[in-house]
Structures are given as C-alpha cells and as structure tokens.
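Undergrad: Here's a sequence, model it:
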Amino acid sequence: MDIQIASLCDFAADYNGKLVVSGTFDTLAARALPVVHPMCALALRFCFTQEDCGRHKLSINIIDEDGESLDAQNMPIEPEFEVQLPPNVPFLTRNLIMNLQGLRFTKSGIYSVDIGCDGELLMRLPVRIVLVEQPAAQAG
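TA: Numbers count the residues shown, from 1 in each chain. Predicted coordinates for the structure are as follows:
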C-alpha cells in the first residue's frame, strides 16, 4: 500500500477516479487562540497491489507536539476497508477525501496529521499554527 498523495486543502473532490485538490496548505495564521478552522479536507490517493488484498483499518489522527489528539472524543478516525484486485491487474488506485469541520487549535506550534494502516504509521503531515500580531492602528 502506497500513499501517492496526502494533503490538507481547502477543497477536494473525486471526479471519475481523478483527484481534484485545491488550496493545499500546511500553515494557519491566527490573530488569537484558540483558532477554529471552519472547514478543510484531507485528500489521499492510495495505490494498492496484489499483496494489499484483504481487510484493513485506516487510522487518521491530528495530534499536537505532545502527541495528544486534537479532538480526543472523535479521533483517531478509524474506517475499515477491503482491497480486492481482479486477476492480472498489477495495481489499483483509490482516492479518499475526508472533510474536516471545526478543527480547534488551542495553542500555536506544530501539529501533525498522522495517517496509518493496520497499526503502522504510513505518513505524517506537519501543520503549523502561527500566532500573528495585528498591526497597530495608525493615527490619521
């Protein structure tokens, strides 16, 4: 199992097997904390081979620098899926799009989107939350 594409983005869609990704990002600038990102998507494209056939459990978790889940009540997200390839087919690709709403970051720093399968970490996407100051008002 190979992850060909993994990205946080503003929008993603699957059109007849084509992954459409718009607004890829890895940094959020906030003027105050906590910051809530209203809506984004995690876009993934997997490539499976014959050796991947069978049942699997995906794991997606967003964690802070201390390894704590961003939302312990709802993460990790762990969907199960079955991989089947027809005979004589060398590989098969599938897109997975997870729409994420109301991600709440309580502090600045580095977070990670951990993507795993069957208990093994496959990929870690870094996400940086940066606190920025508002410019001082100028006297007119």
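Undergrad: which residues touch residue 39?
TA: Neighbouring residues of residue 39 by CB atoms under 8 Å, 6 or more residues apart in numbering: 99, 100, 101, 102. Every C-beta, even on glycine, is put in place using the N, C-alpha and C of the backbone.
Undergrad: go again using 7 Å as the cut-off
TA: For residue 39, the contact set (CB atoms under 7 Å, 6 or more residues apart in numbering) comprises 99, 101.
Undergrad: How far does the helix or strand harbouring it sit from its chain's centre?
TA: If you go by DSSP states H and E, residue 39 is part of strand 35-49. On the basis of CA atoms, centre = their mean, to the nearest Å, strand 35-49 sits 4 Å off its chain's mean C-alpha point.
Undergrad: Would you indicate which residues of that strand are buried?
TA: Across strand 35-49, burial judged by 16 or more other CB atoms under 10 Å covers 35, 37, 40, 41, 42, 43, 44, 45, 46, 48.
Undergrad: ok, now stretch 28-37?
TA: Here stretch 28-37 shows 28, 30, 35, 37 as buried, counting by 16+ other CB under 10 Å.
Undergrad: If anything else comes up later, I'll come back, but that's it for now.
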